[in-house]
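J.: would you be able to build a 3D model of this:
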Amino acid sequence: MQALFPTPRTPAAAQSYIATVSDHHEALSNSSAPVLFNEALHNFRNTQYFGNINIGTPPQPFPVIFDTGSANLWVPGIDCFSGGCLAHPRFDRTKSTTFSTSGLPVWIKFGTGRISGTLSQDTVRFHDLVIRDQAFLQVSDERNFPFEQYPFAGIVGLCLPSIAAAGTSPLFDTIMRQRLLPANVFSFYLSLDDAAATDMAPSMVLFGGVSEKLIASPVHWVPLAPSVYWEIMMADVIVGGEPQRLCPPGGCRVAVDSGTSLFTGPAEHVRALTATLRAPLAAARARGCDLSLMPELSFEVRGERFVFEPRDYVLHSPAAGGLGGDAKCALAFMALDVPPPRGPLWVFGDVWMRKYYTVFDRDHARVGFALAAHRQPAGQLHVADANATAAAAAAPEVASPFASRRRRRRQQQRRREAAAALAEPNEGEGPDARALIETSDAKIFV
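T.: Residues are numbered from 1 along each chain as shown. Prediction:
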């Protein structure tokens, strides 16, 4: 007679069975999740985030800024002997079997200088993504740029294609055309430079979707406004619960830009905001930058208030050399007047994107924000090391309150030049030049 029940499993067999079922469910879960291609980003003093791409066959690696405020890919070429080029890897076209060039000269104008070179094509690799025939600029000359002081060699523009060099396709548009992703979406997660101390995940850019592990709230979606940028509309700025009424009835225009370190805004708005914050900031400075004396700040975007605590929007600079003295602090805002038709314009840069995981969705023409899952509260937003060396001290300033009067005047001049560069396209310099406008001026090099 056959037994009514099977022979009981041994403990070892039962554990093996449970593991098999668990693996099955894990595989089901993974198969439904989007395939994400992510690149770890290195944090340079909370002012710049850069990662790596590879160009050519065999691949040649380059540290680059993934910049949502510009639309071109450019790296130094082997024929560039400027200081900034010599300080970084240079692309050697003779070593790539997939390289081709149109020979077309291109100039890119920035508020603090310009670069020039020739348009070329080659294979670009981003982890397992292989993007063929990608247009890029081989830089042959850099003028008035302090690139030797920066840790990145070039820029990968992730802005909309309307500001790319004529006849070229931005990297993400090429990815879209070659159908390399399950969704035409990319996103950023930014940590502070002391990520390990605060148990944060490393900073990264992700192609293909959103990492649910890196967000602590639902994504709040905001449709794009008509613009050449990743632009949205902001209703108002709120300080300590009090609306500031800075924006007109239709709202303030805001570009979301991973290549900008701070918040920037029209001088009139930034002047009013800093005037409101002047008294609490002075009180905080008098007590060694005591942030408990500063108010909460929030931005209203499509019915949602995005909150920033003082530690999120106040910059800190330790005493020089760590030799005593007072640490300094300043607001993470900078005035930048962009003339019409592209302005007036606010820019939400890395200060915004550290607090809120930011999603750029080309499929649905929208930007999404979710509270970044930093797990532990971030510490002070330092923009320099306490034991800065002379070389580190030579790095560019990010906040004019830390600068001398002469440096402050120089920064003001650069901002005026940056706004002028944003206001109109380049004229070009020769019959083969192609009109081109970039926004990297106001972001990295001021």
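J.: surely residue 330 meets residue 313?
T.: No. Shown here, residue 330 and residue 313 do not form a contact pair, counting by Cβ atoms under 8 Å, at 10.1 Å. C-betas here are computed from N, CA, C, even on glycine.
J.: could you check the pLDDT of the closest residue in space to residue 69 that isn't next to it in sequence?
T.: Nearest-residue entry for residue 69: residue 257, 3.7 Å, with adjacent residues in sequence omitted and distances by Cβ to Cβ, 6 or more residues apart in numbering. Note on residue 257: pLDDT of 95.
J.: so residue 257 touches residue 67, yeah?
T.: Yes. Using Cβ under 8 Å, residue 257 is in contact with residue 67, at 7.4 Å.
J.: hang on, the earlier thing: what number of residues lie near the residue nearest to residue 69?
T.: 27 (other Cβ atoms under 10 Å).
J.: give me the below-cutoff pLDDT ranges for the stretch 101-250 of the chain.
T.: By pLDDT under 70, the low-scoring segments of the stretch 101-250 of the chain are 110-112, 144-146, 193-200.
J.: for the residue nearest the centre of the chain, phi and psi?
T.: Closest to where the C-alpha atoms of the chain average out (Cα atoms, centre = their mean) is residue 258, at 1.9 Å. Note on residue 258: backbone dihedrals following degrees, to the nearest 10 are phi -70, psi -10.
J.: what's the closest non-adjacent residue to it?
T.: residue 68 (4.5 Å).
J.: for that neighbour, list the residues it contacts.
T.: By Cβ atoms under 8 Å, 6 or more residues apart in numbering, the contact list for residue 68 reads 158-159, 230, 256-259, 360.
J.: can you tell me which two in those residues are farthest apart?
T.: Pairwise distances across the contacts of residue 68 peak at 12.9 Å for 259 and 360 (criterion: Cβ to Cβ).
J.: who's more crowded, those two?
T.: Shown here are residue 259 and residue 360; by other Cβ under 10 Å, residue 259 has more neighbours (26 against 22).
J.: I'd say residue 230 and residue 257 touch.
T.: Yes. Residue 230 is within contact range of residue 257, at 7.3 Å (criterion: Cβ under 8 Å).
J.: between these two, which contacts overlap?
T.: With Cβ under 8 Å, 6+ apart as the test, residue 230 and residue 257 both reach 68-69.
J.: pop the domain breakdown of this protein in here.
T.: 37-177, 210-425+436-444 (automatic domain parsing).
J.: contacts for the one helix or strand residue 65 maps to, please.
T.: Secondary structure assignment for residue 65, by DSSP states H and E: strand 60-67. Outside strand 60-67, the residues that touch it by Cβ under 8 Å, 6+ apart are 39, 41-42, 48-55, 75, 88-89, 91-92, 95-96, 151-159, 188, 205, 257-259, 440, 443-444.
J.: circling back to that earlier point, deepest of the domains of the chain, which one?
T.: Comparing the domains of the chain by mean neighbour count (mean count of other Cβ atoms under 10 Å), domain 37-177 ranks first with a mean of 20.
J.: helices of the stretch 151-300 of the chain, start to end?
T.: Counting by DSSP state H, counting those that start in this stretch, one finds helices in the stretch 151-300 of the chain at the ranges 171-177, 267-286.
J.: compare the ones you listed and give me the one nearest residue 210.
T.: helix 171-177 (15.7 Å).
J.: would CSV of the domains of the chain with distance to residue 192 be doable?
T.: Shown next, in CSV, are the domains of the chain (distance: least, Cβ to Cβ, whole Å):
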stretch, distance to residue 192
domain 37-177, 6
domain 210-425+436-444, 5
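J.: hmm, back to that, residue contacts, the residue nearest to residue 69?
T.: Residue 257 neighbours (Cβ under 8 Å, 6+ apart): 67-69, 229-230, 347-349, 439, 443.
J.: please apply the same query to residue 220.
T.: Residues in contact with residue 220 (Cβ under 8 Å, 6+ apart) are 301-302, 304, 368-370.
J.: from these, which single one is nearest residue 35?
T.: Scanning the contacts of residue 220 for proximity to residue 35, where the rule is Cβ to Cβ, the winner is residue 368, at 18.8 Å.
J.: what bridges to that closest one?
T.: With DSSP bridges applied, residue 368 shows beta-bridge pairing to residue 221, residue 359.
J.: for it, give its distance to residue 234.
T.: Separation of residue 368 from residue 234 (Cβ to Cβ, to the nearest Å): 15 Å.
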